[in-house]
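Undergrad: have a look at this prediction, sequence included:
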Amino acid sequence: MNSVYTSWSSIFIAHVKRDILTNSRSLIDLISIVGFMILIIILFPLGLGPIQEKLNIVSNAVIWVGLILAIMPSLEKLLQKDFENGWLDQIATSPIPLEVVMLSKGISYWLIILIPLIITSPIFAILLDMDLKNIPWLVISISSGSLAISLIGLSGSALILGARRGNILLPILIIPLMTPILIFGVGVNEAIKINASPYGNLFLLLALTLVYLVISPFISALLVRIAIGR
Amino acid sequence: MFDWLANPNRFKKITNKLEPSLLVISLLFIIFGLYFSLFDSPKDYQQGDAVRIMYVHVPSAWLASFLYLSLAISSIFYLVWKHPLADLISSSIAPIGALFSILTLITGSLWGKPMWGTWWVWDARLTSMLILFFFYLGFILLHNAFERKVDGSKSASVLAIIGIINLPIIKFSVDWWHTLHQPSSILKFDGPSIDNQMLLPLTLMIIGFGLFSLYLIIVNVKTKLIEKKCEALILKLNLKELS
Amino acid sequence: MLYLKDLTIQRGNKIVFSNFNAVIRSGYTTLIKGKNGSGKSTLLRAIAGFTPLERGTIKQDKKDIFENNEEWVKNLIFLDTKNGLSKDLTVAENLNAWLTMKGWSSNKEIIKMALKSVGMEKYAELYISQCSEGLKKRAALSRLYISFINKVDFWILDEPTNELDTTSLVLFKKLVFNFLEQKGTIIIASHDQTIIEKNFYTLDLDELKKQRVS
């Protein structure tokens, strides 16, 4: 029995490794996502005016909204690329269940795209004049919620496999699903601002992440099976 | 039960009988409901005549939510038992549900003007309804986004199921968000406790709207069945010409 | 032996197979013939477990292959016109990713031997985006060599030889020959019937369908 589990985990890691390797080759993707994120951030001071108080109020929300918007273009390709080149067919012959493979996809997407955004988020916070005491909480809240975001993105990208104009469709399908993450994520820092406890929001955020860790691999695997079955 | 109904011919037979009576009964309910709600129900002591919008707003909101539940159930039926009729039903429900959610949003905004002096208020219920509308929109768009219709039906059905899992979470989070940010609001959309005299027109309107949307769904499904038949006929003709 | 019993398979709204029966003999090559659109690829994808069956069963000896799908796909190599290669990886990296994904051990030696079996050892460090169609196909076919190291029972190949030149065709035939030697079973869909010379029989989908009608 034990060897079964060790081989499961090694195959799981093999899937993650392959995804990281493919994405590390096209660093352009990553650079453009972080660049897009910075541009979203820049638009706000330009739109609101360089008034520190105004920026301070919206900084937290703007970073979260920016995060959700910035990853949209990359989500479209998350599964579509492998669908077109036939890798999803090969994956379906992997000895581990497709659900586990999908979990690996969600996690590798998180490692490749969201970790860099988490690491750079303090810079965005400073650009928007966020109070220094809030910045650690921003990083904590984004770290807790971003896995859920990438898992929702995964099922969204599975929904549009083989669709026409999937790239335009995708945001309409998944932004509504991401609203709870945004609400609880922003809530963490809003609580800090009024000197209340951030843990209520944080726990809800973590609970949601757990929920999507369970749901999303199943939904995505179901959709991938449908896609390769046609 | 579903299998029995799933036969298109039987479905047509039953609905042919049902259709006219459904229309008449639902219109009767709506006419009486409108009469009571517009003329024979009390004004609200705070909102005055504006409260009468409730008789359209609340039934629409209920139906928008209820129709999404039905959409999800028929989508599950489609995915599990793969019966095409279930897909026809869900694709017929979607535009009607979307319509009711728009109606809710419009009446809500009309109601908001006299109450709060502004056309749109980020009230928790209205916000949830707005998100629900986007679920309907997503379903309709995804349903039509594929070269082959079946592919769209399957993907959209899964979306409907994702939606029904997520809607309670979204509803909860929006309520949470609302209490967090707006502790000062006094009036809620429920308004003050509902008077008995208001209950009668409200019930009539809900039943009327419900039956009317059932009528619309049936008409919609029947149209789609005919459409499908036409497509099959055209395909047959083309094949004959080829051979 | 693989028994296909009363298969009904739908693609989109079109029924491609209805009550289709066939037997795939172990230790042989089954060559699936048929016009364009006769359902060759669909049949292969159904056997691989991708396309769901509306009705019917596929049994390996007495076991339904879908009951223990993971067991079935583990010992199976599926290859169709989409090669399953990532543009962003080299030939060797693609093979390595595929090996580890299949749960098999992978090292430089194995990869080198596998690439050698299709005459690709010089191209190991070439990115797939730089490969011609023929090289891509060969890179994908190099997976077949793994059957001589790990336990593989089935090859399901869809048009494997379309882009191959004569030298690589010889290498491919050698791989097929060796696999049949060790009692492997091969299912190939191809227009070209000359690619297999020994130990094969054909399954003509058009013929089989005609028989059903008459």
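TA: Great, that's in hand.
Undergrad: do any residues in the helix or strand bottoming out on mean pLDDT in chain A lie close to chain C?
TA: None of the helices or strands of chain A scores lower by mean pLDDT, DSSP states H and E than helix A:2-25, at a mean of 82. Yes: looking at helix A:2-25 against chain C by CB under 8 Å from any CB of the partner chain, the contacts come from A:7, A:10-11, A:14-15, A:17-18, A:21-23, A:25. For every residue, glycine as well, the C-beta is placed using N, CA and C.
Undergrad: what comes up buried for that helix?
TA: For helix A:2-25, the neighbour count (16 or more other CB atoms under 10 Å in any protein chain shown) marks A:11-12, A:14-19, A:21-23, A:25 as buried.
Undergrad: tell me the angle of the next helix or strand after that helix relative to helix A:2-25?
TA: Downstream of helix A:2-25, the next assigned helix or strand under DSSP states H and E is helix A:27-48. Orientation check (axes from the mean of the first three to the mean of the last three CA atoms, to 10 degrees): helix A:27-48 against helix A:2-25 gives 70 degrees.
Undergrad: what about dumping the CA coordinates of helix A:27-48 to PDB?
TA: Extracted in PDB, the C-alpha atoms of helix A:27-48 (Å, rounded to 0.1, in the frame of the first residue of the first chain):
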ATOM      1  CA  LEU A  27       9.200  33.900 -19.100                       C
ATOM      2  CA  ILE A  28       7.400  36.500 -21.300                       C
ATOM      3  CA  ASP A  29       4.100  35.200 -19.900                       C
ATOM      4  CA  LEU A  30       5.200  35.900 -16.400                       C
ATOM      5  CA  ILE A  31       6.700  39.200 -17.100                       C
ATOM      6  CA  SER A  32       3.600  40.400 -18.900                       C
ATOM      7  CA  ILE A  33       1.400  39.300 -16.100                       C
ATOM      8  CA  VAL A  34       3.400  41.200 -13.500                       C
ATOM      9  CA  GLY A  35       3.600  44.100 -15.900                       C
ATOM     10  CA  PHE A  36      -0.100  44.100 -16.400                       C
ATOM     11  CA  MET A  37      -0.600  44.100 -12.700                       C
ATOM     12  CA  ILE A  38       1.600  47.100 -12.200                       C
ATOM     13  CA  LEU A  39      -0.200  48.900 -15.000                       C
ATOM     14  CA  ILE A  40      -3.600  48.300 -13.400                       C
ATOM     15  CA  ILE A  41      -2.100  49.700 -10.200                       C
ATOM     16  CA  ILE A  42      -0.700  52.700 -12.000                       C
ATOM     17  CA  LEU A  43      -4.100  53.500 -13.600                       C
ATOM     18  CA  PHE A  44      -5.600  54.200 -10.200                       C
ATOM     19  CA  PRO A  45      -3.400  57.100  -9.100                       C
ATOM     20  CA  LEU A  46      -3.700  58.400 -12.700                       C
ATOM     21  CA  GLY A  47      -7.500  58.200 -12.500                       C
ATOM     22  CA  LEU A  48      -8.000  59.300  -8.900                       C
END
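Undergrad: okay, and residue C:136 sits in which element?
TA: Using DSSP H and E, residue C:136 maps to helix C:133-141.
Undergrad: in that helix, what counts as buried?
TA: C:135-141.
Undergrad: same check on stretch A:203-220?
TA: For stretch A:203-220, the neighbour count (16+ other CB under 10 Å) marks A:204-206, A:208-209, A:211-212, A:215-217, A:219-220 as buried.
Undergrad: so which of those residues are in helices?
TA: Among the buried residues of stretch A:203-220, DSSP state H puts A:204-206, A:208-209, A:211-212, A:215-217, A:219-220 in helices.
Undergrad: in JSON lines: those residues, plus distance to residue B:136 and pLDDT.
TA: JSON lines is the format used below for those (distance: CB to CB, whole Å; pLDDT from 0 to 100):
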{"residue": "A:204", "distance to residue B:136": "26", "pLDDT": "94"}
{"residue": "A:205", "distance to residue B:136": "27", "pLDDT": "95"}
{"residue": "A:206", "distance to residue B:136": "30", "pLDDT": "96"}
{"residue": "A:208", "distance to residue B:136": "23", "pLDDT": "95"}
{"residue": "A:209", "distance to residue B:136": "27", "pLDDT": "95"}
{"residue": "A:211", "distance to residue B:136": "23", "pLDDT": "95"}
{"residue": "A:212", "distance to residue B:136": "22", "pLDDT": "95"}
{"residue": "A:215", "distance to residue B:136": "21", "pLDDT": "95"}
{"residue": "A:216", "distance to residue B:136": "22", "pLDDT": "96"}
{"residue": "A:217", "distance to residue B:136": "26", "pLDDT": "96"}
{"residue": "A:219", "distance to residue B:136": "19", "pLDDT": "96"}
{"residue": "A:220", "distance to residue B:136": "22", "pLDDT": "96"}
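Undergrad: on that earlier part again, which among the buried residues of helix A:2-25 gets closest to residue A:104?
TA: In terms of CB to CB, no member of the buried residues of helix A:2-25 lies closer to residue A:104 than residue A:15, at 3.9 Å.
Undergrad: show me the contacts for the nearest residue to that closest one once chain neighbours are set aside.
TA: Spatial nearest neighbour of residue A:15, chain neighbours left out: residue A:104 (3.9 Å); criterion: CB to CB, 6 or more residues apart in numbering or on different chains. Residues in contact with residue A:104 (CB atoms under 8 Å, 6 or more residues apart in numbering or on different chains) are A:12, A:15-16, A:19.
Undergrad: secondary structure element holding residue A:104?
TA: Using DSSP H and E, residue A:104 falls in helix A:98-109.
Undergrad: what number of residues lie near the closest residue in space to residue C:141 that isn't next to it in sequence?
TA: Spatial nearest neighbour of residue C:141, excluding adjacent residues (CB to CB, 6+ apart): residue C:118 at 5.2 Å. When counting by other CB atoms under 10 Å in any protein chain shown, one arrives at 24 neighbours for residue C:118.
Undergrad: do I have it right that residue C:118 meets residue C:169?
TA: No: in this structure residue C:118 lies outside contact range of residue C:169 using CB atoms under 8 Å: 10.7 Å.
Undergrad: what mean pLDDT does the helix or strand encompassing residue A:119 have?
TA: Using DSSP H and E, residue A:119 sits within helix A:115-127. For helix A:115-127, mean pLDDT is 93.
Undergrad: what's the distance between it and the middle of its chain?
TA: 14 Å (CA atoms, centre = their mean, to the nearest Å).
Undergrad: and residue 137, what's its pLDDT?
TA: Using chain A. 94.
Undergrad: other chain: chain B
TA: For residue B:137, the predicted pLDDT is 97.
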